[in-house]
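J.: Provided below are the primary sequence and the corresponding predicted coordinates.
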Number of protein chains: 2
Amino acid sequence: LEAGDIERVRLLADPLHPADVADLMEQVEAVDRAALAAALGDKLDADAFAEMNDYVRDDLIDALEPQQVGDLVQQLDTDDAVAIIEDLDADDQREVLRSLPADDRAAIEEALSYPEESAGRVMQRELIAVPEHWTIGQVIDFLRENPDLATDFWEIFVVDTGHHPVGTMRLSWVLRTPRKVAVADVMQREQTLIPVDMDQEEVALRFQKYALISAAVTDATGRLVGVITVDDILHIIQEEAGEDILKLSGAGDGDVNEPVFETVKVRVRWLMVNLGTAILASLVIGLFAATIEQMVALAILMPIVASLGGNAGTQTMAVAVRALATNELTESNTSRQIGKEIKVALMNGAVIAIIVGLVAGLYFANAHLGWVIAVAMVGNILVAGLAGVLVPLTLDRFDIDPAVASSVFVTMTTDVMGFFLFLGLAAATGLTPAG
Amino acid sequence: LEAGDIERVRLLADPLHPADVADLMEQVEAVDRAALAAALGDKLDADAFAEMNDYVRDDLIDALEPQQVGDLVQQLDTDDAVAIIEDLDADDQREVLRSLPADDRAAIEEALSYPEESAGRVMQRELIAVPEHWTIGQVIDFLRENPDLATDFWEIFVVDTGHHPVGTMRLSWVLRTPRKVAVADVMQREQTLIPVDMDQEEVALRFQKYALISAAVTDATGRLVGVITVDDILHIIQEEAGEDILKLSGAGDGDVNEPVFETVKVRVRWLMVNLGTAILASLVIGLFAATIEQMVALAILMPIVASLGGNAGTQTMAVAVRALATNELTESNTSRQIGKEIKVALMNGAVIAIIVGLVAGLYFANAHLGWVIAVAMVGNILVAGLAGVLVPLTLDRFDIDPAVASSVFVTMTTDVMGFFLFLGLAAATGLTPAG
């Protein structure tokens, strides 16, 4: 297909949605992308660029002149335009902005002035706002007579003379209301307003909680400056929820289109941290070298205590991290949650300890060894349950993202305590190969 | 506050959104919920029930008569009603259904006949469909004259005489089009149709990809049977993305409101599996008991090799699981992805191996030991990279959810191979404490 048959590529791509064109670009090998772009021609439009993976888009955009990027950007709503421009390096950004008409440029420059991942970056400025004193008929006529307005919108915002939002009307209400009724009588006065500097994750939680389709964004003085629509929120939720899984495992962005060298850099940093904690655990084992020398069964069994503790800790931690991210774990139910984890740990610990104690005691024909590993196991699973809740909670209190750092601390704790409890108990109770 | 001052509770709760009322119920201790429910009275309405966490809702509903549940359910759209009824046990379900008017009952029974987590369960049957030959004016008049129609909708579906969808109109287009224009000239003919038995995760991906606000659901014969709106999709995306993190760590549902005993059952099952793999790893260590007895440094260092391998494997696995869930990892880029992971593993492995080799070699003053651990480390990180991609891919091919089972297999592989490579290499090269 890629063998030069441009006509055929175009024919196949013709019925595709911009999102499918973007997918096609992502699936193709990096070296073939320029050729595919050339073959697609106009089909590779501004919307397809907006849908594309960041890395793939950067690749393509690097090959374009700033003027061409400017042309693409002009066809997009401000939110999509900003998403493309914010990823460019400073020089290219300046050049692209210079190529835009003054009003587009001003809009994008303002959006870029808001912090990354804030409502100001996600919102679009194209919206419909009408004064309170109009009738429904006037609104409909206004919409019919102004073809330049945003083409897709789901709500009409009602503003006062100072452009402060005072209400909102869903289009379905507008459609069902007789022309002569006043806007003020149809609109809903309670609405969820999004401050322009709110973090996008918080915005997404509001959308989800109140089942919003769009929401007005206001600046520090309460003026209506933009609108966020739910389609942008879908991307954010998907991204943020996915991010947590990747952060917990230290895989950074975890984008399949990320260049190899970027991936190495992100992951090796995390592996270094893990190396530090693993060495710490080894030092703990080192303390009991003499005990192990006398009884090699301890070396054989010790990874079981650490591994199960790590697993139990990860379970608790995953629940806590999710609950924090979705605002389900709050100050009012923290102590209840800790109490629950202690109960769960004691029950799970008991079950596992009995099995491990029996297996180890029988296999090595050493009842003393069975007791030692059983007690160490209960202890470590309890440690795991507590660390699994307390580590994310503490990080959260200090405003550190619990998803990023919890995993290291939890497994460090369960490894160190697992080896310490098991080997320490063996040494302290004078465990010998004879039992 | 809970000390009997019912008036005050009501006053405080009065301005709250149903979603906030639901949150309030969740945050309160389980024993206080009945009292709070009584105090809230009417404020605890059908919408608040629909927003509530499953476990908390079940608690409350158990205390109600089927007739009362029936009253609540009648006030809801079919999708929310189904969400409540599907969680009841069979007897209660039958009783609640019996208390409903015939048409509501039929609608809910039909919804329940679709598989769990399918489009048929998520969709609502309340929708606006108009024939193709109408004009925009007729559509608007129809909406104004029928107060019984669904109150909130975002798109109007156009159907042929057999009730098959032929097009869709966003309300913003309807509003902006003169009354005399024919529906057939305004509607968009391409639309994303959702088969009624499609899995909800797939539905969510479509919504996200094509930035949909609502979509028509069709039955096996292509007739329009319902509509799915984006607010339901927000919940699904949040749930499914969160689920993966919890599944990967074996924490089941991971709901903070889950009863203790449920939590114990879910987690202990996973810990048992982990116990099995940990014992397997111990058996591998046992093979080299004689080598360890001669040189206790091996026992001290071996967890480092296993731990870093496990970590590297988890990183790769998290990326692969996410990419599979979002359809970014497909047959066409699998081999590229595997190639990338091999490169990343070799680079990361080299960096970590050099550090570990130097540290271990110098600390134990044993160059031979340094070499052995360095080589074992590169080997295990390479094993980790391959297992991290291949395990989720293989599970996916066999239609097993990669999020559930990947973790066990990956860490089992890295533990077993880590101990085997390190201890095996030490034994094979005749490593002695003297170097």
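T.: It's in. The structure presented is a predicted model; accordingly, all values stated were derived computationally and were not measured.
J.: and A:Lys90, how many neighbours?
T.: Just so we're on the same page, residue A:90 is Ala rather than Lys. By other CB atoms under 10 Å in any protein chain shown, the residues close to A:Ala90 number 7. C-beta here means a position set from N, CA and C on the backbone, and glycine is covered the same way.
J.: again with A:Glu331
T.: Neighbour number of A:Glu331 under other CB under 10 Å is 9.
J.: next: A:Ala290.
T.: Per other CB under 10 Å, the neighbour tally for A:Ala290 reads 9.
J.: secondary structure element for it?
T.: Using DSSP states H and E, A:Ala290 falls within helix A:289-294.
J.: angle of whichever helix or strand comes after that helix against helix B:297-325?
T.: Past helix A:289-294, further along toward the C-terminus, the next helix or strand under DSSP H and E is helix A:297-325. For the pair helix A:297-325 and helix B:297-325, the angle between their directions (axes from the mean of the first three to the mean of the last three CA atoms, to 10 degrees) equals 30 degrees.
J.: could you look up the next helix or strand downstream of helix A:297-325?
T.: Along the chain past helix A:297-325, the next helix or strand (assigned with DSSP H and E) turns out to be helix A:334-363.
J.: which strands or helices does whatever helix or strand comes next after that following helix pack on?
T.: Elements were assigned by DSSP H and E; along the chain past helix A:334-363, the next helix or strand is helix A:367-397. With contacts defined as 3 or more CB pairs under 8 Å, 6 or more residues apart in numbering or on different chains; DSSP states H and E, the packing partners of helix A:367-397 are helix A:297-325, helix A:334-363, helix A:402-428.
J.: related to what we said a few turns ago, hmm, who's touching the helix holding A:Ala290?
T.: A:285, A:298-299, A:423, A:426-427, A:431-433, B:292-293, B:296, B:299-300 (CB atoms under 8 Å, 6 or more residues apart in numbering or on different chains).
J.: what does the stretch 301-435 of chain A put close to chain B?
T.: Proximity of the stretch 301-435 of chain A to chain B is assessed by CB under 8 Å from any CB of the partner chain, with A:301-304, A:306-308, A:311-312, A:314-319, A:321-323, A:325-326, A:328-330, A:332-333, A:336-337, A:340, A:343-344, A:347-348, A:351-352, A:355-356, A:359, A:411, A:415, A:419 identified as the residues in range.
J.: that should have said the stretch 101-250 of chain A, apologies.
T.: So the stretch 101-250 of chain A meets chain B at A:140, A:143-144, A:147, A:149, A:151-154, A:170-178, A:207-213, A:230-231, A:233-235, A:237-238, A:241-242, A:244-246, A:248-250 (CB under 8 Å from any CB).
J.: what subset of the residues you listed is buried?
T.: Applying a neighbour-count criterion of 16 or more other CB atoms under 10 Å in any protein chain shown, the buried members of these are A:140, A:143, A:153-154, A:170-177, A:207-213, A:230-231, A:233-235, A:237-238, A:241-242, A:244-246, A:248-250.
J.: filter the residues you listed down to just the ones in helices.
T.: Among these, the members falling in helices are A:140, A:143, A:171-176, A:207-210, A:230-231, A:233-235, A:237-238, A:241-242, A:244-246, A:248 (criterion: DSSP state H).
J.: ok, back up a step: just the buried members of the residues of the stretch 301-435 of chain A next to chain B?
T.: Buried positions within those, assessed by neighbour count (16+ other CB under 10 Å), are A:301-304, A:306-308, A:311-312, A:314-319, A:321-323, A:325-326, A:328-329, A:333, A:337, A:340, A:344, A:347-348, A:351-352, A:355-356, A:359, A:411, A:415, A:419.
J.: can you put the helices and strands packed on helix A:367-397 in TSV and add distance to A:Asp47?
T.: Conversion of those to TSV gives the following (distance: least, CB to CB, whole Å):
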stretch	distance to A:Asp47
helix A:297-325	31
helix A:334-363	45
helix A:402-428	32
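J.: tell me where the model's unsure across chain A.
T.: Regions of chain A meeting the criterion pLDDT under 70 cover residues A:1-4, A:150-151, A:241-242, A:253-254, A:435.
J.: residue nearest the centroid of it?
T.: In chain A, the C-alpha closest to the average C-alpha coordinate belongs to A:Glu240, at a distance of 1.5 Å (CA atoms, centre = their mean).
J.: how many residues are close by the nearest residue to that residue once chain neighbours are set aside?
T.: Leaving aside its sequence neighbours, A:Glu240 sits nearest to A:Glu201 (CB to CB, 6 or more residues apart in numbering or on different chains; 5.2 Å). When neighbours are defined as other CB under 10 Å, A:Glu201 has 15 of them.
J.: again, but for A:Val260
T.: A:Val260 has 14 neighbours, counted by other CB under 10 Å.
J.: and A:Pro402, by the same measure?
T.: Using other CB under 10 Å as the criterion, the residues surrounding A:Pro402 number 27.
J.: now it. Nearest residue, chain neighbours left out?
T.: Counting by CB to CB, 6+ apart, A:Pro392 is the residue found nearest to A:Pro402 once chain neighbours are left out, at 3.7 Å.
J.: thinking that neighbour is in contact with A:Ala318, fair?
T.: No. Under the criterion of CB atoms under 8 Å, A:Pro392 is not in contact with A:Ala318, lying 9.4 Å apart.
J.: strands of the stretch 1-150 of chain A, residue ranges please.
T.: Listed in chain order, the strands of the stretch 1-150 of chain A (DSSP state E, counting those that start in this stretch) span A:129-131.
J.: now the helices for it?
T.: Secondary structure of the stretch 1-150 of chain A by DSSP state H, counting those that start in this stretch: the helices cover A:6-13, A:18-27, A:33-40, A:46-51, A:54-62, A:66-74, A:78-85, A:90-98, A:102-112, A:119-122, A:136-145.
J.: contacts for the fourth one?
T.: Judged by CB under 8 Å, 6+ apart, the contacts made with helix A:46-51 from elsewhere in the structure are A:18-19, A:21-23, A:25, A:57, A:60-61, A:72-76, A:80, A:83-84, B:209.
J.: okay, now the domains of chain A?
T.: Using automatic domain parsing, the domain parsing of chain A gives A:6-117, A:129-248, A:260-428.
J.: quick check: which of those is buried the most?
T.: Among these, judged by mean count of other CB atoms under 10 Å in any protein chain shown, the one packed with the most neighbours on average is domain A:260-428 (a mean of 21).
J.: now do that one: distance to the chain's middle.
T.: Here domain A:260-428 is found 26 Å from its chain centre; the criterion is CA atoms, centre = their mean, to the nearest Å.
J.: quick check: end-to-end length of that domain?
T.: 49 Å (CA to CA, to the nearest Å).
J.: got the contact list for A:Ile228?
T.: Residues counted as contacts of A:Ile228 (CB under 8 Å, 6+ apart) are A:Asp79, A:Ala119, A:Val122, A:Met123, A:Gln124, A:Ile194, A:Val203, A:Phe207, A:Ser214, A:Ala215, A:Val217.
J.: my bad, A:Arg267
T.: Going by CB under 8 Å, 6+ apart, the list of residues near A:Arg267 reads A:Gly250, A:Ala251, A:Gly252, B:Ala312, B:Gln315, B:Val344, B:Asn348.
J.: how many degrees apart are the one helix or strand it maps to and helix A:297-325 in direction?
T.: Taking DSSP H and E as the criterion, the element that holds A:Arg267 is helix A:260-287. Taking the same axes, to 10 degrees, one finds that helix A:260-287 is oriented at 130 degrees with respect to helix A:297-325.
J.: what angle do helix A:260-287 and helix B:334-363 make?
T.: 40 degrees.
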